[in-house]
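K.L.:
Predicted coordinates and the sequence they were generated for:
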Amino acid sequence: MNRTPVNPWLWSLKLGYNQAEILEGASRQLNCAGQTAVDADGNPQHAGDMRKQIVLALENLEAVLSAADMGLANITRLNIYTTDVDEAMKHFDVLGARFGPVSAAPPMTLLGVTRLAIPQLMFEIEATAAD
């Protein structure tokens, strides 16, 4: 798969994402459900701790990707939902620490929501991936 970043402006690169990407030669696409801070039995973890919830949501996303023989570098789009945008933004270095080493800057959207499906959860990350 060949990815060509499209950035008519450069400001989003400072935040770790491209405005768009042209994908050519992809053979498989994976649509991931939103991943949150739950354990293997679906029990919510880390109530009240945004940073730990982001870390676990990313670990869960990586587990889904791995089960499809993919990784973070395969992500072509992210949608992030949070009950507290300001608090989530304070911890976006966690995303940079995961995506930076694999040189991935997928287009993304961050949305503030009133609540997620499970009330204790504050962060959900939904991804599309391809290879």
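P.N.:
Good, I have the coordinates. Residues are numbered from 1 along each chain as shown.
K.L.:
Please state the backbone phi and psi of the spatially closest residue to N18 that is not a sequence neighbour?
P.N.:
Among residues not flanking N18 along the chain, P5 sits closest, at 4.4 Å (C-beta to C-beta, 6 or more residues apart in numbering). All C-beta atoms are positioned from the backbone trio N, CA, C, and that covers glycine. The main-chain torsion angles of P5 are listed as degrees, to the nearest 10 and equal phi -70, psi 140.
K.L.:
where's P5 relative to D49, distance?
P.N.:
Distance of P5 to D49, computed by C-beta to C-beta, to the nearest Å: 33 Å.
K.L.:
V6 now?
P.N.:
When V6 is compared with D49 (using C-beta to C-beta), they lie 36 Å apart.
K.L.:
Likewise for M70?
P.N.:
For M70 relative to D49 (C-beta to C-beta), the value is 28 Å.
K.L.:
Correct me if wrong: V38 contacts H46.
P.N.:
No - using C-beta atoms under 8 Å as the test, V38 is too far from H46 to be in contact (9.9 Å).
K.L.:
Which neighbours do the two have in common?
P.N.:
Applying C-beta atoms under 8 Å, 6 or more residues apart in numbering, one finds that V38 and H46 are jointly contacted by L56.
K.L.:
in this structure, which spans are helices?
P.N.:
Taking DSSP state H as the criterion, the chain carries its helices at 11-14, 50-67, 85-90, 93-99.
K.L.:
And the contacts of the third one?
P.N.:
Applying C-beta under 8 Å, 6+ apart, the external contacts of helix 85-90 come out as M50, I54, I80, T82, L110, G112, M122, F123.
K.L.:
Dump it to CSV, restricted to CA.
P.N.:
Output of helix 85-90 as CSV, limited to C-alpha atoms (Å, rounded to 0.1, in the frame of the first residue of the first chain):
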residue,chain,number,x,y,z
VAL,A,85,-11.8,17.2,25.3
ASP,A,86,-9.5,19.4,27.4
GLU,A,87,-8.5,16.6,29.6
ALA,A,88,-7.9,14.2,26.7
MET,A,89,-5.8,16.8,24.9
LYS,A,90,-3.5,17.0,27.9
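K.L.:
what comes up buried for it?
P.N.:
By 16 or more other C-beta atoms under 10 Å, the buried positions in helix 85-90 come out as A88.
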